[in-house]
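> my questions concern the predicted model and sequence given below.
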Amino acid sequence: MSADRALVHERRMLRLATFYAPLAAGGAWLSLRYGVAAHAGGDPARDLALRGTGLAPPLFLPAVLLAAAVLARRRNRVGIAATVAAGLVGLALTAGSTLNLPADLAAARDAGSPVGLTTGFAVFHWFLGPALTMSAVLGLRNRRRRLTRSSEVIDWAR
């Protein structure tokens, strides 16, 4: 496998992460503008960082995703850990937008924001999350194949 082709999934994760960052920031801005929190009657300013809101994920997730997508291109333990972290963020986005959807819709209705925005963000996460997770799984699979095909002793401490 050529060096150019070896990290194709990690490059895909980086493109997804850089595409997603402004959307997450827009969701955070809309949450503050409309007053949409994590639950009806909540405070969006308090919920944004760790809990997320009806229009935005917890803001630590896009930050972790960006850092992981950048570090996933490394060919050492850091790259493997970053690939796993990006895949876990994908799972978190999918699970969070699915399991929290009733509470997110209630918070959006309570704040008077368009419910279609909340639904749209959830649907977007249903596509983004699995795409990130699949890119991570395929990237890890390719790394394993490269290791098993290699006759060199790999120094994982690099």
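Now that the structure is in, tell me what you want to look at. Only a predicted model underlies this, so the values are computations on that prediction, with no experimental measurement involved.
> drop to CA atoms for contacts and neighbour counts, all remaining ones
OK.
> return the residues in contact with H125.
Under the criterion of Cα atoms under 8 Å, 6 or more residues apart in numbering, the neighbours of H125 are 93-94, 97.
> which among these count as buried?
93-94, 97 (16 or more other Cα atoms under 10 Å).
> okay, the residues you listed in CSV with secondary structure next?
As requested, those are exported to CSV (DSSP: H, G, I helix; E, B strand; the rest coil):
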residue, secondary structure
L93, helix
T94, helix
S97, helix
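> identify each buried residue in the lengthiest helix in the chain, please.
Looking across the chain with DSSP state H, the single longest helix is helix 115-149. Neighbour counts over helix 115-149 (16+ other Cα under 10 Å) mark 115, 117-119, 121-122, 125-126, 128-140, 142-143 as buried.
> now stretch 36-56
36-40, 42-44, 47-49, 51-56.
> in helices, which of those residues fall?
44, 47.
> CA atoms only: put stretch 7-19 into CSV for me.
Below are the C-alpha coordinates for stretch 7-19, written out as CSV (Å, rounded to 0.1, in the frame of the first residue of the first chain):
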residue,chain,number,x,y,z
LEU,A,7,-3.8,7.3,5.6
VAL,A,8,-6.9,7.9,3.4
HIS,A,9,-9.4,7.3,6.2
GLU,A,10,-7.5,9.5,8.6
ARG,A,11,-7.5,12.3,6.0
ARG,A,12,-11.3,11.8,5.6
MET,A,13,-11.6,12.2,9.4
LEU,A,14,-9.7,15.5,9.2
ARG,A,15,-11.9,16.8,6.4
LEU,A,16,-15.1,15.8,8.3
ALA,A,17,-13.7,17.5,11.5
THR,A,18,-12.9,20.7,9.7
PHE,A,19,-16.2,20.8,8.0
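> pull out the buried residues from it.
Neighbour counts using 16+ other Cα under 10 Å place 7-14, 16-18 of stretch 7-19 among the buried residues.
> now do it: distance to the chain's middle.
11 Å (Cα atoms, centre = their mean, to the nearest Å).
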